[in-house]
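1. just a sequence and a predicted model for now, questions to come.
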Amino acid sequence: MIKKVFYILLIITNLFYAQSAGNSGLSFLKLGSGSRNIAMSDLGVVAGTELNAVIYNPSILSLLNKSQLSFSHNQLILDLRSELLGGSFSLFEIPFAVFINTTTISDIEIRTIPGETISKFNANYFFAGLSSSFEILKDFYSGFTLKYIYENLYTDEATGYAFDFGLTYTGFVNGLSVGASLRNIGTMNKLRNEETVLPGDFRIGASYSLNVVDTKIFLTLLSGLQKYLKNDNYHIHLGTEIGYDNFFFVRGGYLSGYESKSVTTGFGIRLKSFNLDYAYVPIKYGLGDNHILTFIFTF
């Protein structure tokens, strides 16, 4: 019976986050990071102006001029929730960022026959990451992230390590940036009998930001392509952000190639050093919608 529970759990998470990505596990690594990024189509590899974008593309860390502290709560389907804590700082004039993520699927019921539940358990996932970046040429940045990963399903647990690599270039014209990243390249120890395959991920995109003439309106547009390495499907991401007076922001996006989701929305409020961001992703088939809340403090 326990094996059946595990199979159902893996099917649910893979269906929700990447319909064709069934050749890998650890679907919590596919979760978006930060309400702003998720609201703008969950591409993240470009248009990074805050700490959580570093999880998509670690080279963005070189573009953050101030230290930040961030916390995100991600409420998903079927008692699935995720919390992300991050911080950025400079040491010997080298930028660094650290991240801690916990993801839990709670109250999974155990039965041997139809009827009363024998007991319940939680599926627990965790990663801790350290990122850094540097300018390799003028306006051309490179970055990396090292991750420690842990998973626990009932009485079984496994650990492993992964590597992310990213590039950003901002030297074409003012306001235009292009970026690419390769994420979750690594290995896991065996979970009982088999190693869980990491969800390797490639992203590339471009963003353009501008001030609307003679107004307090600021506009950002982005587009890009994303692919999980273990399947043949490509996902197109389109996103936008409209900001007024650097205070209030409205965001939206579109993703292709997912059966259960396609539209992302959200908003943000900035009060001096404090940001409050919210994202909403409607999910089809009655699975329950996705709500993400992020708090950021800039030092």
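-> On my side now, so go ahead.

2. which SSE is the residue minimising distance to the centre of the chain in?
-> Nearest residue to the geometric centre of the chain (CA atoms, centre = their mean): Gly32, 2.5 Å. Counting by DSSP states H and E, no helix or strand carries Gly32.

3. buried ones in stretch 234-245?
-> Neighbour-count burial for stretch 234-245 flags 235, 237-243 (criterion: 16 or more other CB atoms under 10 Å). C-beta here means a position set from N, CA and C on the backbone, and glycine is covered the same way.

4. typo on my end, it should be stretch 265-285
-> Buried residues in stretch 265-285 (16+ other CB under 10 Å): 265-268, 270, 275, 277-281.

5. please save the CA atoms from that stretch in PDB.
-> In PDB, the C-alpha atoms belonging to stretch 265-285 read as follows (Å, rounded to 0.1, in the frame of the first residue of the first chain):
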ATOM      1  CA  THR A 265      -1.300  37.200 -12.300                       C
ATOM      2  CA  GLY A 266      -0.300  39.300  -9.300                       C
ATOM      3  CA  PHE A 267       0.600  42.600  -7.800                       C
ATOM      4  CA  GLY A 268       3.200  44.300  -5.600                       C
ATOM      5  CA  ILE A 269       3.500  47.200  -3.200                       C
ATOM      6  CA  ARG A 270       6.800  48.900  -2.400                       C
ATOM      7  CA  LEU A 271       7.200  51.100   0.800                       C
ATOM      8  CA  LYS A 272      10.700  52.400   1.000                       C
ATOM      9  CA  SER A 273      12.800  49.300   1.900                       C
ATOM     10  CA  PHE A 274       9.900  46.900   2.200                       C
ATOM     11  CA  ASN A 275       8.200  45.000  -0.700                       C
ATOM     12  CA  LEU A 276       5.000  43.000  -0.400                       C
ATOM     13  CA  ASP A 277       4.200  40.800  -3.500                       C
ATOM     14  CA  TYR A 278       1.400  38.400  -4.300                       C
ATOM     15  CA  ALA A 279       0.900  36.000  -7.200                       C
ATOM     16  CA  TYR A 280      -2.100  33.900  -8.200                       C
ATOM     17  CA  VAL A 281      -2.100  31.000 -10.600                       C
ATOM     18  CA  PRO A 282      -5.500  29.500 -11.500                       C
ATOM     19  CA  ILE A 283      -5.400  25.700 -11.800                       C
ATOM     20  CA  LYS A 284      -7.800  23.700 -13.900                       C
ATOM     21  CA  TYR A 285      -9.700  20.400 -13.100                       C
END
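
6. re earlier: and the residue nearest to the centre of the chain, how far is that from Leu198?
-> 17 Å (CB to CB, to the nearest Å).

7. show me what Gly239 is bridged to.
-> With DSSP bridges applied, Gly239 shows beta-bridge pairing to Leu222, Gly253.

8. can you check the one 10 residues further on too?
-> Residues found in beta-bridge contact with Phe249 (criterion: DSSP bridges) are Gly243, Gly268.

9. and what of Ser142?
-> Beta bridges link Ser142 to Phe134, Leu167 when assigned by DSSP bridges.

10. likewise for Asn124?
-> For Asn124, the beta-bridge partners under DSSP bridges are Thr104, Asn152.
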